[in-house]
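*Asks:* Here's my sequence, what's the structure:
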Amino acid sequence: MGKHSSNEDLWSQLNEQMVKVGIDQQVIHEWLHLFRKKASEIGEDGLVDWLHKLNYGTPEPYVNEQCAIDFYHRHEQWVKQTVAKLEQEIGLPWEVQAEDLSELDIRARKAQLVIRQRVTDIVLDLEDRWWLKLHF
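*Replies:* Below you'll find the model as predicted:
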C-alpha cells in the first residue's frame, strides 16, 4: 500500500491532524467523507499525491463559488473563528490573504481561504511525518 501501513493508519492520521490544527468536528466529518470519496476514485496513495499537489489550492468541490458559499453557511462560526486566527497567525488581514479570490462573493472568499490554509496545514504536517517514516 505504498506510504501507509494500513488503511486505517491514513484515516486516523488525517483525523488526528485535523483535530490538532483545530478543525471543527462537523468539518472533519465533511472532509473525511470528501477524502474517502476521492480515495475510492484514485486510491489512497493517489489521495496523498492529490493532497500534496493542492499546495495552498482549494480542493474540489470548494473551488465552485456556490459550494464554497454553502460550506460557509454550514460552518459559519468555525469559518469566522478561523479567519480571525489566520489574521493573527499570518499577520495580514484576511482580504490580503485572499487577494487572488477577490472576484468571488465574500462568503466564498472566506470559506476558500480557510479551507485551503487548513488543508495545507494538515498535509504539510503529515508529509513531515510520512517522510520521517519512509526515511528512518
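*Asks:* can you pull the buried residues of the lengthiest helix in the chain?
*Replies:* Scanning the chain for the longest helix, with DSSP state H as the assignment, gives helix 106-135. Across helix 106-135, burial judged by 16 or more other C-beta atoms under 10 Å covers 107-123, 126, 130. (Glycine included, C-beta is placed from N, CA and C.)
*Asks:* I'd guessed residue 72 sits against residue 112; true?
*Replies:* No - Residue 72 lies out of contact with residue 112 (C-beta atoms under 8 Å); the separation is 9.2 Å.
*Asks:* which residues do those two both contact?
*Replies:* When C-beta atoms under 8 Å, 6 or more residues apart in numbering defines a contact, no residue borders residue 72 and residue 112 alike.
*Asks:* Who's the closest spatial neighbour of residue 114, skipping the chain neighbours?
*Replies:* Among residues not flanking residue 114 along the chain, residue 82 sits closest, at 4.3 Å (C-beta to C-beta, 6 or more residues apart in numbering).
*Asks:* Read off the pLDDT value for that neighbour.
*Replies:* The per-residue pLDDT reported for residue 82 equals 98.
*Asks:* distance of it from residue 118?
*Replies:* 7 Å (C-beta to C-beta, to the nearest Å).
*Asks:* And for residue 91?
*Replies:* For residue 91, the distance to residue 118 - C-beta to C-beta - is 17 Å.
*Asks:* next one: residue 98
*Replies:* Separation of residue 98 from residue 118 (C-beta to C-beta) stands at 14 Å.
*Asks:* where does the protein dip in pLDDT?
*Replies:* 1-8, 130-136 (pLDDT under 70).
*Asks:* center of it - which residue?
*Replies:* Nearest to the geometric centre of the chain sits residue 119, at 2.0 Å (C-alpha atoms, centre = their mean).
*Asks:* all helices of this structure, in order?
*Replies:* Under DSSP H, the chain gives helices at 7-20, 25-42, 44-54, 65-74, 76-90, 94-97, 106-135.
*Asks:* what do residue 98 and residue 118 both touch?
*Replies:* With C-beta under 8 Å, 6+ apart, residue 98 and residue 118 have no common neighbours.
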